[in-house]
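Engineer: Give me the fold of what follows.
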Amino acid sequence: MTDRRTPPHESELNPRLQQLVALVATGLPVQQAARQAGFSPSYSRKASRLLKHPAVAQALARIQAEARTVVVYGLVEAMKEADDAAAFARKNKNSMALVKACELRAKLSGLLIDRIEVVPVDLRGVLEKAERRVINVTPLFSNDTFASSIHWAANIPGDNPVAEHTEAGPADGESGCR
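Structural biologist: Numbers count the residues shown, from 1 in each chain. Alright, predicted model coming up:
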């Protein structure tokens, strides 16, 4: 009989632990793998502790090592294919294909790294500037009632009040020009 405080040896993994290791090796998150292996929801939340046991870690490492030997496509193969594509592009005088093949080689070798820059934009400030430009425009008509009835409001997505733009013309029965 083994002591509960000592971790089991790899050969002593029970079926649930073996299934947990297999599911984690496929890429499932530990908590989800534990639930599928039959562990209770409360124990599944702590299942990452199981991966620290030497027997479980050895079993997982063994499966991952086997997977690496099966997967034969890697950096060397990708570089060879990029070289072949570049040679094909040179042979057929296709400059765009040659540029893309060179770009792929540079990315594979780590020379090019795609970067994304997130720049904050002051949408309110930009809209206020635009609103000031529009409001400071001289109206086309000299009719005071028409000019004073123009109302502009910024429309910013997510604001609760509905922004409106109204241009009230002359009252019914009146013509706009005199």
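Engineer: Within the helices and strands, which one has residue 88?
Structural biologist: Counting by DSSP states H and E, the element that carries residue 88 is helix 75-91.
Engineer: and if you look at residue 63?
Structural biologist: helix 54-70.
Engineer: For that helix, list every residue counted as buried.
Structural biologist: 55-56, 59-60 (16 or more other C-beta atoms under 10 Å). C-beta here means a position set from N, CA and C on the backbone, and glycine is covered the same way.
Engineer: what's the answer for stretch 98-106, then?
Structural biologist: 98, 101, 104-105.
Engineer: contact partners of stretch 95-108?
Structural biologist: 75, 78-79, 82-83, 85-86, 88-90, 112-114 (C-beta atoms under 8 Å, 6 or more residues apart in numbering).
Engineer: Give me the average confidence score over that stretch.
Structural biologist: Averaged across stretch 95-108, the pLDDT comes to 94.
Engineer: Dump it to PDB, keeping only the CA atoms.
Structural biologist: Only the C-alpha atoms of stretch 95-108 are listed here, as PDB (Å, rounded to 0.1, in the frame of the first residue of the first chain):
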ATOM      1  CA  SER A  95       9.100  39.300 -58.400                       C
ATOM      2  CA  MET A  96       6.100  39.400 -56.000                       C
ATOM      3  CA  ALA A  97       6.400  35.600 -55.300                       C
ATOM      4  CA  LEU A  98      10.200  36.100 -54.700                       C
ATOM      5  CA  VAL A  99       9.500  38.900 -52.200                       C
ATOM      6  CA  LYS A 100       7.000  36.900 -50.300                       C
ATOM      7  CA  ALA A 101       9.300  33.900 -50.200                       C
ATOM      8  CA  CYS A 102      12.100  36.100 -48.800                       C
ATOM      9  CA  GLU A 103       9.700  37.600 -46.300                       C
ATOM     10  CA  LEU A 104       8.700  34.100 -45.200                       C
ATOM     11  CA  ARG A 105      12.300  33.100 -44.700                       C
ATOM     12  CA  ALA A 106      13.000  36.300 -42.700                       C
ATOM     13  CA  LYS A 107      10.000  35.600 -40.500                       C
ATOM     14  CA  LEU A 108      11.000  32.000 -40.000                       C
END
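Engineer: Quickly note the distance from the residue lying closest to residue 83 once chain neighbours are set aside to residue 96.
Structural biologist: Leaving aside its sequence neighbours, residue 83 sits nearest to residue 105 (C-beta to C-beta, 6 or more residues apart in numbering; 7.4 Å). Taking C-beta to C-beta, to the nearest Å as the measure, residue 105 falls 15 Å from residue 96.
Engineer: now residue 16
Structural biologist: From residue 16 to residue 96 the distance is 55 Å (C-beta to C-beta).
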